[in-house]
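Trainee: got a sequence here, can you build the structure:
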Amino acid sequence: MPQFEADLSALERDPGKRLPISSYHANDQDRVRRRYIDLGACQPKDHKFEISDFSGHPRRFCPTWFKDHKWLEYSVQEEAAFCFVCYLFKDKTKSPGGDAFVNGGFNNWNLKARLKRHIGTVSSAHAEAQEKYDMFTTPTTSIRESIASNTTQYKVEMFVGVIDRQLQELNARFDEKLVRLARKFYAKDFTNDELSRLSWQLSMFISHVRKDKRFNKLKSLCELSVLMVETRKNEQYYIVYKLLKLVLILPVATASVERVFSSMKYVKNSLRNKMGDEYLNSCLVTFVEKEFFRQVKDEDVINLFQKGDCKVIL
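Mentor: Next up is the predicted model:
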């Protein structure tokens with residue numbers, strides 16, 4: 001077994017070339033994992049991906065899949081895709097030798113659904129590997145820091161059963177309601193594939209966040225979104241993060257629309273009831289965004305009109 005004492009620079013990046021984690025010395029395996037995590041998944045986005053023929057239909061690996069699946073890797077040598085988290089943490093007793101993303105690589109580019117099938121359910125081998133990955137990369141705190149006193153511990157033990165039961169009842173409806181919300185109000189912001197995966201990603205997100213102590217003291221959705229970016233969970237759970245962003249901007253968007261409509265009665269009055277849509281839009285922008293428009297100099301406006309088309313329809 002290869003054993004490293006200090007220098008881990010010899011580790012192979014290409015997933016088709018590197019050695020299995022189990023082949024390293026037991027004392028080195030966690031160090032190798034941490035080094036690979038520091039390096040990140042092998043995603044050669046500028047590579048000229050090989051085109052394969054499937055019954056007369058040319059297909060190749062799509063680089064945008066890297067954005068949709070942060071765990072996805074690509075081997076230039078094998079011209080095949082692999083799973084980064086499964087390489088690091090997959091339980092070998094689960095479907096041994098039966099997953100192309102771990103053994104040999106996946107290259108059936110005409111079967112994109114296999115990516116989703118590899119992820120599987122919350123209890124799948126990939127999900128467990130992802131959970132181990134999150135726990136490995138998440139800083140832990142001691143029991144002394146988590147429970148400051150015996151009184152706090154007593155309260156936790158008294159109420160944890162009740163809280164867990166309430167959470168189970170709420171979470172049973174949480175995913176379904178959010179998916180319905182996304183389908184109803186944000187249909188144009190989510191693809192059909194994202195909507196179908198939203199429920200699963202929410203379940204995974206809730207499961208992982210509960211075990212991450214950094215998320216325990218959050219008081220608002222705004223703080224949650226900031227911490228997701230800081231911990232890079234916005235990349236891992238990008239569909240959940242997209243929904244969170246839409247929910248956060250909804251009050252601002254609603255208030256902006258109401259402000260514009262209330263301004264219309266001042267801009268489009270009885271003397272201007274025949275103005276065109278383009279001119280009305282320009283007038284509304286200057287009326288609503290007064291603070292910004294005050295910074296514009298008169299000379300700049302005059303120069304803009306002088307350089308533009310002399311036939312301006314007002």
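Trainee: for stretch 19-29, buried residues please.
Mentor: With burial defined by 16 or more other CB atoms under 10 Å, the residues of stretch 19-29 counted as buried are 21, 24, 28. C-beta: built from backbone N, CA, C; applies to glycine.
Trainee: which of those sits closest to Ser52?
Mentor: Distance to Ser52, by CB to CB, is smallest for Ile21 among those, at 29.1 Å.
Trainee: show me the shaky parts of the stretch 1-150 of the chain.
Mentor: By pLDDT under 70, the weakly predicted segments of the stretch 1-150 of the chain are 1-8, 93-98, 139-150.
Trainee: again, only using 50
Mentor: 6, 97, 141-143, 146-147 (pLDDT under 50).
Trainee: the stretch 151-300 of the chain too?
Mentor: 170, 173-174.
Trainee: mind giving me the packing neighbours of the strand or helix carrying Val229?
Mentor: Val229 belongs to helix 221-230 when assigned by DSSP states H and E. With contacts taken as 3 or more CB pairs under 8 Å, 6 or more residues apart in numbering; DSSP states H and E, helix 221-230 sits against helix 233-236, helix 238-267.
Trainee: in the first one, what's buried?
Mentor: Pointing back at helix 233-236 there. So helix 233-236, judged by 16+ other CB under 10 Å, has buried residues 233-234, 236.
Trainee: in TSV: those, plus distance to Ala41.
Mentor: As requested, the buried residues of helix 233-236 are exported to TSV (distance: CB to CB, whole Å):
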residue	distance to Ala41
Lys233	16
Asn234	16
Gln236	11
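Trainee: from those, which is closest to Lys245?
Mentor: Lys245 lies nearest to Asn234 out of the buried residues of helix 233-236, by CB to CB, at 9.0 Å.
Trainee: shouldn't that closest one be in contact with Met228?
Mentor: Yes. With contact defined as CB atoms under 8 Å, Asn234 reaches Met228; the gap is 4.5 Å.
Trainee: what touches both of these two?
Mentor: Residues touching both Asn234 and Met228 (CB atoms under 8 Å, 6 or more residues apart in numbering): Tyr241.
Trainee: Arg35 versus the most centrally placed residue in the chain, what's the distance?
Mentor: For the chain, the residue nearest the mean C-alpha position is Tyr238 (1.8 Å; CA atoms, centre = their mean). Tyr238 is 26 Å from Arg35, where distance means CB to CB, to the nearest Å.
Trainee: all helices of this protein, in order?
Mentor: 29-39, 65-68, 84-89, 113-119, 125-137, 143-146, 150-185, 192-210, 221-230, 233-236, 238-267, 277-288, 290-293, 298-307 (DSSP state H).
Trainee: ok, how many other residues are close to Arg34?
Mentor: 14 (other CB atoms under 10 Å).
Trainee: Ala125 versus the nearest residue to it once chain neighbours are set aside, what's the distance?
Mentor: Among residues not flanking Arg34 along the chain, Phe136 sits closest, at 7.7 Å (CB to CB, 6 or more residues apart in numbering). Look at Phe136 and Ala125: by CB to CB, they are 16 Å apart.
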